[in-house]
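[1] I'll drop the sequence and a predicted model, then ask my questions.
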Amino acid sequence: MEKFVFIFGPQAVGKMSVGQELAKLTGLKLFHNHMTIDLLEPLFGFSDEMWRLTHQFRKEIFQSFTQSNHYGMIFTKVWYFDKQEDWDDIESICQLMSCKGVSVYFVELEAHVEERLRRNKDPHRLECKPTKRNVEQSEQHLLSTLQSNRLNSFPGEIKRENYLRIDNTFLSPYEVAKIIKSEFHL
């Protein structure tokens, strides 16, 4: 594996949809965060055990993928900038990739809350993410985290060579994927 594209931003900003389009354009494999969440939530609910297993599964998948002959991976996740454990988790993932010689690319998405609320109800999102099908609950979570958490970085906070921030409020996932592909020469 040569490339690891980490797409992050708040809920319903379009991480998975952009990842799907980027995968089509580049041949990178998409591993969006709900692939593990939606596997484990029916068994364990949103419990500490579900999150423990989610992190363990992701770590194993990352380790195995770095040893594969695939061109690379796209990974999506909400990054809670106000939680040290998220910083530590992301640093651990990047260290794993870097020590295997994988180039790491950071893509931060942001969009107006009104657009995110609209996307939260999108049929494609609900089809791909079973735990988001309770739209009222997921909308409530989206709105509550606006008050209690920080889901986008401050200007200059991310000090990575390969970092791109995109306001995708008025851009399609395909347009965003084209920008990422061009910027990072994927």
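    All right, it came through fine. Keep in mind the model is a prediction, meaning the values are calculated, not measured.
[2] which residues are contacting the one helix or strand in the chain whose mean pLDDT sits lowest?
    Ranked by mean pLDDT, DSSP states H and E, the helix or strand of the chain with the weakest confidence is helix 123-128, at a mean of 90. Residues outside helix 123-128 that contact it (Cβ atoms under 8 Å, 6 or more residues apart in numbering): 12, 16, 17, 32, 34, 119, 132, 133, 135. Every residue, glycine included, has its C-beta placed from N, CA and C.
[3] what about the second one, neighbour count?
    Around residue 16 there are 22 other residues, counting by other Cβ atoms under 10 Å.
[4] list the buried residues of the helix or strand containing it.
    Residue 16 is located in helix 15-26, with elements delineated by DSSP states H and E. In terms of neighbour count (16 or more other Cβ atoms under 10 Å), helix 15-26 has its buried residues at 15, 16, 17, 18, 19, 20, 21, 22, 23, 26.
[5] packing partners of the longest helix belonging to the chain?
    Secondary structure of the chain per DSSP state H: the longest helix is helix 48-66. In terms of contacts (3 or more Cβ pairs under 8 Å, 6 or more residues apart in numbering; DSSP states H and E), helix 48-66 is packed against strand 29-31, helix 34-44, strand 72-77, helix 84-99.
[6] what's the first one in contact with?
    Outside of strand 29-31, the residues within contact range by Cβ under 8 Å, 6+ apart are 16, 19-20, 22-23, 58, 61, 65, 70, 72-76.
[7] list the strands paired with it, with their directions.
    strand 72-77 (parallel) (DSSP bridges).
[8] helix 34-44 and the partner strand, what's the angle between them?
    Interaxial angle, strand 72-77 versus helix 34-44 (axes from the mean of the first three to the mean of the last three Cα atoms, to 10 degrees): 50 degrees.
[9] could you export strand 72-77 as PDB, CA atoms only?
    Only the C-alpha atoms of strand 72-77 are listed here, as PDB (Å, rounded to 0.1, in the frame of the first residue of the first chain):
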ATOM      1  CA  GLY A  72      -4.100   2.500  -1.000                       C
ATOM      2  CA  MET A  73      -7.000   3.300   1.200                       C
ATOM      3  CA  ILE A  74      -9.500   6.100   2.000                       C
ATOM      4  CA  PHE A  75     -10.600   6.200   5.600                       C
ATOM      5  CA  THR A  76     -13.400   8.500   6.900                       C
ATOM      6  CA  LYS A  77     -14.100   9.500  10.500                       C
END
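[10] quick revisit: with mean neighbour count and mean pLDDT added, can I get the helices and strands packed on helix 48-66 in TSV?
    What follows is the helices and strands packed on helix 48-66, written out as TSV (neighbours: other Cβ atoms under 10 Å; pLDDT from 0 to 100):
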stretch	mean neighbour count	mean pLDDT
strand 29-31	18	96
helix 34-44	16	92
strand 72-77	24	96
helix 84-99	14	95
